[in-house]
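Undergrad: using only what follows, build the 3D model:
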Amino acid sequence: MSAVPTTPVQAAADAVALPRALVRYLALPLVFAGATLYHFLQSRGHATPTIFNDELLYAKLAQSLAAGHGLTLRGEHFFFPSPLASLVQAPVWLLRSMTDAYAAAKLLNAAVMSAAVFPSYWLARRVVRPSFALLTAVAAVTTPAMVYHGYLMSEALAYPVFLTVVAILANAVAKPARWTPLIVPAACVLAIATRVQFIVLALAYVAAVAVCGNFRRHALTAASTSALVVVLVAVPGTLGQYGGAAHETYNPGAIAHWALTTGYLLPFSLGLAVVPGAVFGLALTWRQPIGAITIACTALFLGQAALISAGEAHRPLERYLFYVTPLLFIAFFAYVEHGAPLRLAYTLATCIGAVALSLVSLPGLTGTAAFFFDSVTLSGFARAGYLLGLANASLLYSLAPLALGAAALAVRRAPHAVALLAIGVSIATGAGVYATDRLVTAFSARTFDTSPPDWLDRSGLGPASYLVLPYGNYFLGTNLESWNRDLRHVLVLGTKPPDEYPSARVTIAADGTLDVDGRPAAAQTIVANVSGSAIALDGRAVAHPLDGLVAYRIPAGTHVRWFARGLAPDGWTGTKLRYQAWPARSGRYELRIAVPRGTAARKVDLDGRRFVVSPGTTWRLTVPTDGSPLKMNVDVPDAPLGGRVLGVKISGLRFLPRRPQHP
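TA: Purely as a prediction, here's the structure:
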């Protein structure tokens with residue numbers, strides 16, 4: 001028995017204290033588990049890779065690491081400055097089935113990205129009370145940008161890494177220690193190795209030191225961190241394929257335009273209601289480490305997005321800014337913890353900001369498009385437009401800033417409610433973005449996927465090369481490579497490489513020999529993209545997995561019998577057709593040209609002979625040749641912008657030599 005008497009009131013208090021302690025310790029893990037489950041279930045409808053070049057890069061590097069080949073791509077070593085995302089994804093590619101591995105990768109990404117709750121909570125607890133910190137963690141994993149975990153890219157890992165490094169830098173500014181000169185540069189290297197964009201963290205640290213700290217105590221750390229930035233920017237090749245952005249010329253007006261455009265989209269993805277408080281919170285904490293780093297990162301991310309938009313993207317890159325979501329919620333709660341001062345200024349700023357955002361014309365940015373990978377706000381608006389109609393969606397997005405701005409005025413009396421309202425708006429927007437994402441990826445799967453998508457791996461044909469032909473559908477090849485590990489190399493004949501990754505140049509010798517990088521092709525399996533051009537090779541066709549894709553088994557030193565640039569499988573040409581047969585010799589070409597009824601007449605130039613093909617007519621033609629290729633140009637009236645250009649229908653195309661060759 002205890003010597004201390006226990007009263008019924010004390011016993012009841014102890015009974016209540018235990019559940020409260022459990023809630024306190026389990027709340028964050030439960031938020032993490034719930035977020036992981038929710039986002040994974042949402043991404044199950046993300047049917048196939050759609051951001052082909054980037055997803056292809058990360059997935060292939062991860063598969064190479066899983067196979068023990070290091071960072072290789074298409075059989076060649078490939079330098080990539082941010083390999084950590086591929087390294088984290090590598091274990092799932094140990095699964096034999098590509099479809100199972102793809103599902104596992106999305107589950108892994110959901111868990112990794114949801115892990116942002118932990119650094120978010122830790123950062124918030126440095127500034128605000130536990131309940132506010134927990135809401136910050138919830139806000140971190142309810143942002144619409146969580147949709148990016150379904151893409152095999154860097155965002156899923158980059159999100160928690162960014163917040164972890166921010167926590168390290170904020171602590172280093174506030175409490176410099178003996179090992180800080182090593183820890184800070186190492187943390188920045190970790191961030192950059194996750195995502196090159198995070199080079200701004202080094203600059204944010206230097207800015208925070210300049211604002212918050214005794215510079216003498218941070219001199220060595222600031223110098224080494226600054227040197228890291230100088231080396232990465234100045235030394236060619238250190239930033240890989242992203243290095244060229246630092247040396248481009250930009251139009252200041254375009255930069256300002258895209259900075260403003262991207263900047264006014266961010267409040268929508270934050271849920272609007274917390275934005276005024278976050279701005280005033282940063283005004284109150286700008287001399288504190290977390291406030292200074294938040295301001296610096298937000299400004300630098302916005303500058304990065306504006307530069308890239310002005311240079312090559314020509315669209316808003318909201319995707320570059322979502323990482324600061326928890327930091328801005330912390331700033332909002334910091335404003336509350338300071339007693340929500342400057343009430344009149346806060347009210348005026350909220351009203352002005354709400355009116356300004358209500359005047360934003362989102363239809364001017366979206367048009368009738370349905371999905372915007374780089375902007376969750378525009379994707380959410382497009383979904384609302386689909387459900388409500390464009391006019392009603394515009395009205396909704398005009399009234400939302402006014403309504404949520406009015407709610408933001410209750411920040412002093414009900415800060416939890418204001419934050420929960422913003423979180424609710426983010427969840428609703430995110431649900432719309434997920435729905436649109438499912439529609440887009442389902443369309444991609446129907447259009448570009450074979451059945452099954454990893455048919456080559458399952459076929460038993462072994463390692464194969466992909467042959468790129470002129471005018472082919474680019475997405476067929478990248479989708480094929482994304483789903484099949486047995487596709488090892490890319491061969492390019494008569495056109496530009498499909499991407500900046502390793503590829504081999506293919507030519508046809510005078511006798512018709514197919515040469516790869518100047519040497520006769522080895523015996524192999526080739527999957528040719530014949531969606532825009534046709535080719536006949538020695539060997540045999542062994543598979544026809546999709547309209548526009550044909551797999552051939554070719555012998556060593558295979559010969560090309562004929563090659564028709566610009567002739568699609570359905571017999572349509574575009575505006576140009578070039579036909580060559582081998583071995584090249586004198587003879588004649590024979591073909592039939594037709595234009596179906598219901599289409600406009602076509603003006604045709606066939607080896608200098610000009611004529612008009614009327615709808616519903618067929619021309620049978622013979623063209624003599626001395627061995628030169630057949631050349632045809634078609635004037636296509638009213639060609640659709642961005643759509644397929646239909647020239648004329650070709651049938652019976654062949655070459656007949658002047659004198660048959662006898663053995």
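Undergrad: can you give me the buried ones in stretch 527-542?
TA: By neighbour count on 16 or more other C-beta atoms under 10 Å, the buried set for stretch 527-542 is 527-535, 537, 539. C-beta here means a position set from N, CA and C on the backbone, and glycine is covered the same way.
Undergrad: what secondary structure does the closest residue to residue 529 other than its chain neighbours sit in?
TA: Distance criterion C-beta to C-beta, 6 or more residues apart in numbering; nearest residue to residue 529, sequence neighbours excluded, is residue 472 at 4.0 Å. Look at residue 472: counting by DSSP: H, G, I helix; E, B strand; the rest coil, its state is coil.
Undergrad: cool, residue 490 as well?
TA: strand.
Undergrad: run through the residues that contact the residue nearest to it when sequence neighbours are not counted.
TA: Among residues not flanking residue 490 along the chain, residue 503 sits closest, at 4.2 Å (C-beta to C-beta, 6+ apart). Residues in contact with residue 503 (C-beta atoms under 8 Å, 6 or more residues apart in numbering) are 74, 468, 489-492, 497.
Undergrad: next one: residue 503 from residue 463, what distance?
TA: Distance of residue 503 to residue 463, given as C-beta to C-beta, to the nearest Å: 16 Å.
Undergrad: swap in residue 609?
TA: 46 Å.
Undergrad: these two: who's more crowded?
TA: Just comparing residue 609 and residue 463: by other C-beta atoms under 10 Å the higher neighbour count belongs to residue 463, 13 against 10.
Undergrad: so what's the residue count around the closest residue to that one other than its chain neighbours?
TA: Leaving aside its sequence neighbours, residue 463 sits nearest to residue 488 (C-beta to C-beta, 6+ apart; 4.8 Å). When neighbours are defined as other C-beta under 10 Å, residue 488 has 16 of them.
Undergrad: tell me the pLDDT of residue 488.
TA: Here, the pLDDT recorded for residue 488 equals 95.
Undergrad: show me what contacts it?
TA: 74-75, 463-465.
Undergrad: in strands, which of those appear?
TA: 464-465 (DSSP state E).
Undergrad: out of the contacts of residue 488, which one has the lowest pLDDT?
TA: Among the contacts of residue 488, pLDDT bottoms out at residue 75, giving 91.
Undergrad: from residue 531, how far off is it?
TA: Distance from residue 75 to residue 531, by C-beta to C-beta: 25 Å.
Undergrad: do residue 539 as well
TA: 20 Å.
Undergrad: and if you look at residue 425?
TA: Applying C-beta to C-beta to residue 425 and residue 531 gives a distance of 43 Å.
Undergrad: next one: residue 172
TA: Taking C-beta to C-beta, one finds residue 172 at 54 Å from residue 531.
Undergrad: try residue 202
TA: 46 Å.
Undergrad: one more: residue 273?
TA: In terms of C-beta to C-beta, residue 273 sits 49 Å off from residue 531.
Undergrad: residues of stretch 625-644 that come out buried?
TA: For stretch 625-644, a neighbour-count test (16+ other C-beta under 10 Å) marks 625, 627, 629-634, 636 as buried.
Undergrad: and the end-to-end length of that stretch?
TA: Stretch 625-644 has an end-to-end distance of 30 Å (criterion: C-alpha to C-alpha, to the nearest Å).
Undergrad: what's it in contact with?
TA: 573-580, 584-589, 591, 600, 602-607, 623, 645-648, 655.
Undergrad: what mean pLDDT does it have?
TA: On average, stretch 625-644 scores 83.
Undergrad: chain center to that stretch, what's the gap?
TA: 34 Å (C-alpha atoms, centre = their mean, to the nearest Å).
Undergrad: ok so residue 573 is a strand residue?
TA: Yes. Residue 573: assigned to a strand according to three-state DSSP.
Undergrad: ok, back up a step: closest one of the buried residues of stretch 625-644 to residue 156?
TA: residue 636 (44.2 Å; C-beta to C-beta).
Undergrad: what about residue 166, how many residues nearby?
TA: Residue 166 has 28 nearby residues by other C-beta under 10 Å.
Undergrad: show me what contacts it?
TA: 119, 123, 201, 204, 290, 293, 297, 327.
Undergrad: give the helix, strand or coil label for residue 570.
TA: Look at residue 570: counting by three-state DSSP, its state is coil.
Undergrad: domains for this structure, by residue range?
TA: What automatic domain parsing lists as the domains of the chain is 12-444, 455-565, 570-657.
Undergrad: how far does the second one stretch from start to finish?
TA: Spelled out, it's domain 455-565. Span of domain 455-565 from end to end, C-alpha to C-alpha: 27 Å.
Undergrad: check the last one too.
TA: Its first and final residues considered, domain 570-657 spans 26 Å by C-alpha to C-alpha.
Undergrad: turn the buried residues of stretch 625-644 into JSON lines, including distance to residue 233.
TA: Putting those into JSON lines (distance: C-beta to C-beta, whole Å) gives the following:
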{"residue": "625", "distance to residue 233": "56"}
{"residue": "627", "distance to residue 233": "54"}
{"residue": "629", "distance to residue 233": "48"}
{"residue": "630", "distance to residue 233": "52"}
{"residue": "631", "distance to residue 233": "48"}
{"residue": "632", "distance to residue 233": "50"}
{"residue": "633", "distance to residue 233": "47"}
{"residue": "634", "distance to residue 233": "49"}
{"residue": "636", "distance to residue 233": "47"}
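Undergrad: need the max-distance pair from those residues.
TA: 627 and 636 (29.1 Å).
Undergrad: please name the nearest non-neighbouring residue to residue 544.
TA: Nearest one to residue 544, counting by C-beta to C-beta, 6+ apart, is residue 550 at 5.5 Å.
Undergrad: quick check: which element contains that neighbour?
TA: Taking DSSP states H and E as the definition, one finds residue 550 inside strand 549-554.
Undergrad: and what of residue 477?
TA: Going by DSSP H and E, residue 477 is in helix 474-483.
Undergrad: angle of that helix against strand 549-554?
TA: 70 degrees (axes from the mean of the first three to the mean of the last three C-alpha atoms, to 10 degrees).
Undergrad: ok, residues contacting helix 474-483?
TA: Against helix 474-483 from outside (C-beta under 8 Å, 6+ apart): 48-49, 52-53, 55-56, 59-60, 98, 444, 447-450, 453-454, 456-457, 466, 468, 487, 490, 498-499, 527, 529, 531, 546, 548-549.
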